[in-house]
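Asks: Starting from these lines, generate the structure:
(chains A, B, C and D)
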Number of protein chains: 2
Amino acid sequence: MGTKERRERERMETRDKILEAAREMFATQGIEATTMRAIAQRIEYTPTAIYHHFKDKDALIIELCHGDFRKLGRQFTQMERIDDPVERLRSIGMAYVEFAIANPHHYQIMFMTRTPAHEHPEEKNPEEDAYGFLLATVQEGMDAGRFRPELTDAHQLAQMTWSSVHGIISLQIAKCHDPWVDWRDLRATARAIIDALIRGILSEAPQA
Amino acid sequence: MGTKERRERERMETRDKILEAAREMFATQGIEATTMRAIAQRIEYTPTAIYHHFKDKDALIIELCHGDFRKLGRQFTQMERIDDPVERLRSIGMAYVEFAIANPHHYQIMFMTRTPAHEHPEEKNPEEDAYGFLLATVQEGMDAGRFRPELTDAHQLAQMTWSSVHGIISLQIAKCHDPWVDWRDLRATARAIIDALIRGILSEAPQA
DNA sequence: CATCTCACCTAACATCGTTAACCATCATAT
DNA sequence: ATATGATGGTTAACGATGTTAGGTGAGATG
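Replies: Prediction:
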């Protein structure tokens, strides 16, 4: 019949139009400032039409988040080719920074706001699970004895590195307009943080 | 006459009642979930009454923020008694963590949301300028040659330490309910981050 | 006693997310 | 061919939000 397929395809097309419009408007205007009505008007639909594709605004946001998490995960797995786990860790950190610089509004949604019970079904897919990739890298370094002997918790170590980079990113996103801090270049400071932290967690034994 | 003074005092009393109610409701319910009407009802006034004391909701928030910044600054200056600048730096970091744990919602307002052009008039008062205190401590350590020679920018160094601690705090505040991360104890991880970072920025020359 | 001030209230407005009820199209079953 | 029924969309509205225009009334001032 093929008509069923066409129907489905058309449905997905308008669904994608909604997502695309929402993505751009969230990114440029911010998430709170972007209204359902505005999204609808942009794609020349009625606000109610959106609700035939997404339960509510949160569902729309979460859907966009999933896409962004996948994107970040793909970015990370490109670092797989780096053999040295410590160097890979450094590169993951910088890739994370680049992602945040490229998508600051999405970054804000993904990591700076209390999300509504984010299910994260792709938790198990390594291609999409950025945290898992970071964790594995840290574990690899730990197994190779690269880190100080008192650092035995891979989760904690992963959270340490992640949050160190997240810190400077999120502070600058939130506070970049405040005059009482003389902000330095994000990339440079992030690099300095990564270098310092890695130096601080590396085992002192000279490596081969 | 004294009547003028009494009028002013009464005005300030209700103003403080508004602030007090808002502070607690923001802290327990969250800032977005706390409505003007709810604040008014709590102190048995009409929503409009609030607008005779504060321009709008943002002004109310900003006013609360100022108080919180003062509180944090006071917390910091208690570390003045620590002579060693590096140890003081460590203590500042942990004090910051304790502040965040004690006031997570305020922390969110102060450091995790884009504030509406926060004037920060008390920038010059050392007793209230937490960032300035951190900066001075870092500068002192730098002057004493405690840090690696390539680290010559006190602002960058201050931002590095600040953001490292901020990172783990804000991530846990925002993502503590997400099941895909196995969070470790905030205090312990923060301490590990501080230790690692400090080890990473300290000059290798053995100190006296 | 008349007037003025000023903290506060009543009533409303615009806008938001969201939903109930309806409508039009079109593949399908009789 | 025509009735049926699903489906993607619309119109109109609801309740809640931040906010404001215009009034009210008690107490200070002349």
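Asks: can we go C-alpha only for contacts and neighbour counts from here?
Replies: Will do.
Asks: Now for the residue in chain A that DNA strand D sits nearest to, how many residues are close by?
Replies: DNA strand D sits closest to A:T46 of chain A, with a gap of 3.5 Å, by C-alpha to the nearest atom of the strand. Neighbours of A:T46 under the rule other C-alpha atoms under 10 Å in any protein chain shown: 15.
Asks: Let me see the contact set for it.
Replies: In this structure, A:T46 makes contact with A:R37, A:A40, judged by C-alpha atoms under 8 Å, 6 or more residues apart in numbering or on different chains.
Asks: A:G145 now?
Replies: A:G145 touches A:S203, counting by C-alpha under 8 Å, 6+ apart.
Asks: Regarding it, what are the backbone dihedral angles?
Replies: Backbone torsions of A:G145, given as degrees, to the nearest 10, read phi 70, psi 30.
Asks: Let me know the pLDDT of it.
Replies: Per-residue confidence at A:G145 stands at 97 (pLDDT).
Asks: next one: A:D129
Replies: For A:D129, pLDDT reads 88.
Asks: And it, how far from chain B?
Replies: Distance of A:D129 to chain B, given as C-alpha to the nearest C-alpha, to the nearest Å: 9 Å.
Asks: circling back to that earlier point, ok, now how distant is the residue of chain A closest to DNA strand D from B:L171?
Replies: From A:T46 across to B:L171, the span is 37 Å (C-alpha to C-alpha, to the nearest Å).
Asks: With adjacent residues omitted, what lies nearest to the residue of chain A found nearest chain B?
Replies: Proximity of chain A to chain B (C-alpha to the nearest C-alpha) peaks at A:G167, 3.5 Å away. Nearest in space to A:G167, with sequence neighbours left out and distances taken as C-alpha to C-alpha, 6 or more residues apart in numbering or on different chains, is B:G167 at 3.5 Å.
Asks: Backbone dihedrals for the one you found, please?
Replies: According to degrees, to the nearest 10, B:G167 has phi -60, psi -50.
Asks: A:I168 is in contact with that one, correct?
Replies: Yes. In this structure B:G167 lies within contact range of A:I168 using C-alpha atoms under 8 Å: 7.2 Å.
Asks: Overlap of the contact sets of these two?
Replies: Counting by C-alpha under 8 Å, 6+ apart, nothing touches both B:G167 and A:I168.
Asks: Counting neighbours, what do you get for the residue nearest to A:G167?
Replies: Using other C-alpha under 10 Å: B:G167 sits among 26 other residues.
Asks: now it: how far from A:A49?
Replies: On the measure of C-alpha to C-alpha, B:G167 and A:A49 end up 39 Å apart.
Asks: got it, and A:Q29?
Replies: From A:Q29 over to A:A49 the distance is 22 Å, taken as C-alpha to C-alpha.
Asks: Likewise for A:K175?
Replies: Distance from A:K175 to A:A49, by C-alpha to C-alpha: 37 Å.
Asks: These two: which has the busier surroundings?
Replies: Taking neighbours as other C-alpha under 10 Å, A:K175 and A:A49 compare with A:K175 leading, 21 against 13.
Asks: and the nearest residue to A:L72 once chain neighbours are set aside, what is it in contact with?
Replies: Nearest residue to A:L72, sequence neighbours excluded (C-alpha to C-alpha, 6+ apart): A:A130, at 6.5 Å. Counting by C-alpha under 8 Å, 6+ apart, A:A130 touches A:F69, A:R70, A:L72, A:G73, A:R74, A:F76, A:T77.
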